[in-house]
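K.L.:
I'd like to go over a predicted model; first the sequence, then the structure.
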Protein chains: 2
Amino acid sequence: MRVPSGGRLVKEVGEFPLIDMIDAVVGAPPSARLRVGIGDDAAVWRPRPGRDLVLSTDMLVQDVHFRLDWMDWQAIGHKALAANLSDLAAMGATPRLAFVSLGLVGSERDRQVTDLYRGMTALGRRFGVIVAGGDLSSSPGGVVVSVTVVGETPARRTVMTRAAARPGDIIGVTGPLGMAAAGLRVFQQQLLTIDGSPAMREAYSRPMPRVREGRLLVRSGVRAAMDLSDGLLGDLPKLCQASGVSAVIDVARVPIANAIKWNFSDWFDLGLRGGEDYELLFTAPPAVFARVCRAFRRAGLRGPWRIGEIVEAGKSGPEVKIREATGKVKPVEAGAYTHWG
Amino acid sequence: MRVPSGGRLVKEVGEFPLIDMIDAVVGAPPSARLRVGIGDDAAVWRPRPGRDLVLSTDMLVQDVHFRLDWMDWQAIGHKALAANLSDLAAMGATPRLAFVSLGLVGSERDRQVTDLYRGMTALGRRFGVIVAGGDLSSSPGGVVVSVTVVGETPARRTVMTRAAARPGDIIGVTGPLGMAAAGLRVFQQQLLTIDGSPAMREAYSRPMPRVREGRLLVRSGVRAAMDLSDGLLGDLPKLCQASGVSAVIDVARVPIANAIKWNFSDWFDLGLRGGEDYELLFTAPPAVFARVCRAFRRAGLRGPWRIGEIVEAGKSGPEVKIREATGKVKPVEAGAYTHWG
């Protein structure tokens, strides 16, 4: 019997052959460090003495985080891992292992499933990350990808957290904002021919986690960081809240691509409230910020962009304000992306 | 405004207040070992030198692994963690941390969500497990609970795997089989008044992972084990395949509760093919098996039950055979529970 080029239906292939297929794609043989990998009940990993482990988990759900008519399966795998690696990058950790739970309706094709893992391992390979285990499940309500990543960091080094911002710190971001939100808009409104559309779609479908940037930040002495998944005006208030400080954003300094400003009249909201950019937001004293700039330049990385500063919280508690080009400072409505809206 | 006793709708509460509510239930303050917990991008955990980490992940999906009209939310939380801890128990590891990704439709009540975490932390407390992080997501297609657990084991000790069974080994199980499958039947056919029904429903809704048993097994020198999630005749073939051996099961020795034999004419299939018992299946040379029996007795644990032995694989490769009470040995159809059936 000939197999159609698109592959076979998952429900016809069955769970265990599919696991073997995934194993063949992921292909991490046992080693001195990864002592047991895919195929057994759990993975066993021997961290070096003196290393801390950093773990994070993130779930992507069909029609919430991705649509099958917008993204190919490799992009779904890429994005699911990227969102997780971004969390480790925000701590300054070096990612090592990923565990993937995948819920499938059953009408998917096996090729699509292996494509998902291909997209995942291709991204993982860039950063030395191994998919070391997982679970497959039926999910009649739609595709669900849940990833847990494990990273490590030297035990002597302080990880970056949201709670370490201090008045006088400069606020920085590692890249331009709003491109992923613009990409989502491109898909939603089928604006496939507008100027900058390919880059916008790429930013939405295949965000690049700032792993190298995160490590350089922490090595340069940065103590406060988080990744931008819910938009600057969604995430910065969380950092301010956790640190007990306020923030002033210079709106003219926020890096927003011209393609966004030219194409969308609500470019301000796309840039400052748009989610899923996965750039890093960090704060540091001026001397440390200058060190970060030098480290980025030496490593051939763009940025960072200086977008404002941390100030003492006022009587009304931690808040985020906007400084307009005129110099006028005004409060801004915190705009976190929220589910079940 | 008065809050109705059942709590508020998740979609009305919003994501971040819900996270705070979960945090209040889970309540793991930072410590010397759990340096960063819930509320930041990732958790940081410092393992002791000389310890191996063991990680596993498992996803539960509404109407596949649980039904909201059969199980309360505490039981869902319990079962989601139990399925994961069972994987660590099968390796002989000591569980430490759990990470929980939860997808919600949005029409759930906040009390139900916190109940889920209550059920989870109640079980976790029995075994010293902390919920150290997670993710909340919208999931229009139904509730999804994805858990990743991290355990540890002394680096000098060999973990138990599926690949270590050898001819001459005795096959053992840590408890009676088929109760969870009988519980599922009770729910499906609404047999709530039959003899043994409460124990059957409990076995299905709140399985107890055999963490203590797993540690005693590995300490006694057992090298081959797995947990029974897909039924004896679904899982034993996987162990035989991984080890390159065959198995003979003494059907009269398999512990199946009388309540199952009395109530169900297909008790054989319930006992030998029924899934989700989460008992441990292991194999060991006779001297090691005897050591396990002594260790279990000293610890006040029931069992283990001796149900057969491992033999050389024949020409047709690894297979599972049944020895009937008459002594007649015959092949048996391997019956793995499979999704997308």
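P.N.:
Happy to help now that I have it.

K.L.:
distance of A:Ile76 relative to A:Ser101?
P.N.:
Separation of A:Ile76 from A:Ser101 (C-beta to C-beta, to the nearest Å) stands at 14 Å. No exception for glycine: its C-beta is placed from N, CA and C like everyone else's.

K.L.:
overlap in contacts, these two.
P.N.:
By the contact definition C-beta atoms under 8 Å, 6 or more residues apart in numbering or on different chains, A:Ile76 and A:Ser101 are jointly contacted by A:Val145.

K.L.:
count the neighbours of A:Glu12 for me.
P.N.:
The local packing of A:Glu12 (other C-beta atoms under 10 Å in any protein chain shown) involves 12 other residues.

K.L.:
how about the secondary structure of it?
P.N.:
Secondary structure assignment for A:Glu12 (DSSP: H, G, I helix; E, B strand; the rest coil): helix.

K.L.:
and if you look at the one 5 residues further on?
P.N.:
Under three-state DSSP, the three-state class of A:Pro17 is helix.

K.L.:
list the contacts for it?
P.N.:
A:Pro17 touches nothing, counting by C-beta under 8 Å, 6+ apart.

K.L.:
do you know how far it is from chain B?
P.N.:
In this view, A:Pro17 and chain B are 10 Å apart by C-beta to the nearest C-beta, to the nearest Å.

K.L.:
and what of A:Ala93?
P.N.:
7 Å.

K.L.:
which pLDDT value belongs to that residue?
P.N.:
We have a pLDDT of 92 for A:Ala93.

K.L.:
nearest spatial neighbour of the residue of chain A at minimum distance from chain B, chain-adjacent residues omitted?
P.N.:
Taking C-beta to the nearest C-beta, chain B has its nearest neighbour within chain A at A:Gly141, 1.8 Å off. What sits nearest to A:Gly141 in space, not counting adjacent residues and going by C-beta to C-beta, 6 or more residues apart in numbering or on different chains, is B:Gly141, at 1.8 Å.

K.L.:
got it, and A:Pro255?
P.N.:
Sequence neighbours aside, A:Pro176 is the residue nearest to A:Pro255 in space, at 4.1 Å (criterion: C-beta to C-beta, 6+ apart).

K.L.:
and that neighbour, how close does it get to A:Gly303?
P.N.:
9 Å.

K.L.:
and if you look at A:Met120?
P.N.:
Applying C-beta to C-beta, the value for A:Met120 to A:Gly303 is 26 Å.

K.L.:
between those two, who's got more neighbours?
P.N.:
For A:Met120 versus A:Gly303, neighbours defined as other C-beta under 10 Å are more numerous around A:Met120 (28 against 19).

K.L.:
doesn't that one belong to a helix?
P.N.:
Yes: the assignment for A:Met120 is a helix, going by three-state DSSP.

K.L.:
residues contacting it?
P.N.:
By C-beta under 8 Å, 6+ apart, A:Met120 lies in contact with A:77-78, A:80-81, A:98, A:100, A:131.

K.L.:
domains of chain A?
P.N.:
What automatic domain parsing lists as the domains of chain A is A:10-154, A:170-331.

K.L.:
now do the end-to-end distance for the first one.
P.N.:
The first and last residues of domain A:10-154 sit 42 Å apart, counting by C-alpha to C-alpha, to the nearest Å.

K.L.:
same thing with the last one?
P.N.:
Using C-alpha to C-alpha, the gap from the first to the last residue of domain A:170-331 comes to 19 Å.

K.L.:
helix, strand or coil for the residue of chain A closest to chain B?
P.N.:
With three-state DSSP as the criterion, A:Gly141 was assigned coil.

K.L.:
what's the spacing between it and B:Asp227?
P.N.:
To B:Asp227, A:Gly141 is 27 Å away according to C-beta to C-beta.

K.L.:
between the two, which is the more surrounded one?
P.N.:
Applying other C-beta under 10 Å to A:Gly141 and B:Asp227 shows that B:Asp227 carries more neighbours, namely 27 against 22.

K.L.:
can you pull the contacts of that one?
P.N.:
Applying C-beta under 8 Å, 6+ apart, we find B:Asp227 in contact with A:41, B:86-87, B:89-90, B:209-210, B:235, B:278-281.

K.L.:
which residues does it bridge with?
P.N.:
Counting by DSSP bridges, B:Asp227 is bridged to B:Leu280.

K.L.:
tell me the confidence at it?
P.N.:
For B:Asp227, the pLDDT comes out at 95.

K.L.:
likewise for A:Leu88?
P.N.:
With respect to pLDDT, A:Leu88 scores 93.

K.L.:
what helix or strand is it located in?
P.N.:
Assigned by DSSP states H and E, A:Leu88 belongs to helix A:73-91.

K.L.:
all helices of chain A, in order?
P.N.:
Under the criterion DSSP state H, chain A carries helices at the ranges A:10-13, A:15-26, A:73-91, A:110-127, A:179-189, A:197-205, A:211-220, A:232-243, A:258-263, A:267-273, A:286-298.

K.L.:
highest mean neighbour count out of these?
P.N.:
Most buried of the helices of chain A by mean neighbour count (mean count of other C-beta atoms under 10 Å in any protein chain shown) is helix A:73-91; its value is a mean of 27.

K.L.:
helices and strands around that one, which ones?
P.N.:
strand A:51-61, strand A:94-104, helix A:110-127, strand A:144-154, helix A:197-205, helix A:211-220, strand A:224-227, strand A:280-284 (3 or more C-beta pairs under 8 Å, 6 or more residues apart in numbering or on different chains; DSSP states H and E).

K.L.:
mind checking if stretch A:45-58 is in reach of chain B?
P.N.:
Yes: counting by C-beta under 8 Å from any C-beta of the partner chain, chain B has neighbours in stretch A:45-58: A:45-47, A:49-50, A:52-58.

K.L.:
now the two most distant members of these.
P.N.:
Farthest-apart pair in the residues of stretch A:45-58 next to chain B is A:Pro49 and A:Asp58; separation 29.0 Å (C-beta to C-beta).

K.L.:
ok, these two, which is more surrounded?
P.N.:
Using other C-beta under 10 Å as the criterion, A:Pro49 and A:Asp58 rank with A:Asp58 on top: 28 against 12.

K.L.:
residues touching the more buried one, list them.
P.N.:
By C-beta under 8 Å, 6+ apart, the contact list for A:Asp58 reads A:80, A:83-84, A:87, A:146-147, B:101, B:135.

K.L.:
picking that back up, okay if I get the helices of chain A as CSV plus distance to B:Lys321?
P.N.:
Below are the helices of chain A laid out as CSV (distance: least, C-beta to C-beta, whole Å):
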stretch, distance to B:Lys321
helix A:10-13, 28
helix A:15-26, 21
helix A:73-91, 41
helix A:110-127, 32
helix A:179-189, 56
helix A:197-205, 51
helix A:211-220, 51
helix A:232-243, 60
helix A:258-263, 67
helix A:267-273, 64
helix A:286-298, 65
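
K.L.:
lowest-confidence stretch among these?
P.N.:
Minimum mean pLDDT among the helices of chain A: helix A:15-26, a mean of 70.

K.L.:
could you give the bridge partners of A:Pro331?
P.N.:
According to DSSP bridges, beta-bridge pairing links A:Pro331 with A:Lys321.

K.L.:
thinking it is in contact with A:Gly314, fair?
P.N.:
No: with contact defined as C-beta atoms under 8 Å, A:Pro331 does not reach A:Gly314; the gap is 9.9 Å.
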